[in-house]
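Q: Predicted model, plus sequence, below.
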Amino acid sequence: MASSEEDGGGNGAVEEKESGKRRRLGALATAWLIFYNVAMTAGWLVLGIAMVRFYIQKGTHRGLFRSVQKTLKFFQTFALLEVVHCAVGVVRTSVLVTGVQVSSRIFMVWFIAHSIKQIQNEESVILFLVVWTVTEITRYSFYTFNLLNHLPYFIKWARYNFFIILYPAGVAGELLTIYAALPYVKKTGMFSLRLPNKYNVSFDYYYFLIVVMFSYVPLFPQLYFHMLRQRRRVLHGEVIVEKDD
Ligand SMILES: CCCCCCCCCCCCC[C@@H](O)CC(=O)SCCNC(=O)CCNC(=O)[C@H](O)C(C)(C)COP(=O)(O)OP(=O)(O)OC[C@H]1O[C@@H](n2cnc3c(N)ncnc32)[C@H](O)[C@@H]1OP(=O)(O)O
């Protein structure tokens, strides 16, 4: 059942502050954000439906990534605009938090799943694909309805509760996928630069991937706690003082 904010889902002072912010956001920026969020909701919905149809028709996850990869690559890469939105001040979100979130996704899509065909049928790939899809359908529909000032409470609730389980599940899917890629990367030496070479620099993608895996340890809790703070602010009306980047 959908009840809107106006039905009493929110808190008076917070709503007044929100609508003040919204007024300051120019009409053009709002129109762009509505277009962007509708397009992204539609894109991730198409991806979700394609995954369900694939699984029903084939009865296996093997080949699923291959069949949806074009849609995934397009919409996940399009999400780079989110960093631009923060940077130019169209949305009031930290460039750093959004940048880490988006760059880790882009990295997974292009430098892992796209580049290493041998791991595309891993269950962990399906795990992060399903998790991302549920997250993004919820998140972009939340932004869309919010901008239209008709936010059904269950979408708001889903946006600020699903992540509690989905975030660790997505991270598990991503880390297991990188882990599965390690033997192939080590064997082939892909994306690596060995000495001697004319630039006199060496780079080992295998060790780079290990560093990326370890970087989840300090970075993921920051994103998770950021979302927990947003949850308290939006669902319980707590005033949170955020540090500027
Ligand atoms: C080069 C190699 C790099 C490797 C790096 C390795 C390190 C990796 C560590 C990190 C791991 C991340 C793994 C991740 O991929 C796993 C998953 O995603 S699993 C799925 C679960 N995930 C989630 O639920 C999080 C999804 N992501 C997000 O929600 C955002 O990206 C995040 C930036 C985290 C959210 O923060 P934000 O502050 O934006 O939250 P809000 O939604 O509350 O928004 C704040 C205000 O901004 C307004 N806003 C934001 N975006 C829009 C938009 N598109 N349209 C309109 N309005 C927008 C929003 O309404 C809020 O406004 P207000 O303050 O007025 O209420």
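A: That came through, no problem.
Q: got a list of what Ala50 touches?
A: For Ala50, the contact set (Cβ atoms under 8 Å, 6 or more residues apart in numbering) comprises Ser67, Val68, Thr71. Quick note: C-beta positions are derived from backbone N, CA and C, even for glycine.
Q: In which helix or strand does it reside?
A: Assessed by DSSP states H and E, Ala50 sits inside helix 27-58.
Q: Go through that helix and flag the buried ones.
A: 29, 33, 36-38, 40-41, 43-44, 47-48, 50-51, 54 (16 or more other Cβ atoms under 10 Å).
Q: wait, does that helix contact the ligand?
A: Yes: using Cβ under 6 Å from any ligand atom, helix 27-58 reaches the ligand at Leu33, Asn37.
Q: pLDDT at Ile34, what is it?
A: Ile34 carries a pLDDT value of 97.
Q: thinking again about what came up before, neighbour-wise, which one of the contacts of Ala50 leads?
A: Counting neighbours by other Cβ atoms under 10 Å, the top entry in the contacts of Ala50 is Val68, with 20 neighbours.
Q: Surely that one is in contact with Phe54?
A: Yes: assessed by Cβ atoms under 8 Å, Val68 is found in contact with Phe54 at 7.1 Å.
Q: thinking Arg232 is in contact with Glu238, fair?
A: Yes: proximity of Arg232 to Glu238 meets the contact threshold set by Cβ under 8 Å, at 4.4 Å.
Q: circling back: and the buried residues of helix 27-58, which is closest to Val88?
A: For the buried residues of helix 27-58, the residue nearest Val88 by Cβ to Cβ is Ala29; the value is 8.9 Å.
Q: Could you check how far Ile106 is from Ala29?
A: 24 Å (Cβ to Cβ, to the nearest Å).
Q: Oh, that last question was meant for Lys70, not what I typed.
A: On the measure of Cβ to Cβ, Lys70 and Ala29 end up 30 Å apart.
Q: Great, nothing more from me.
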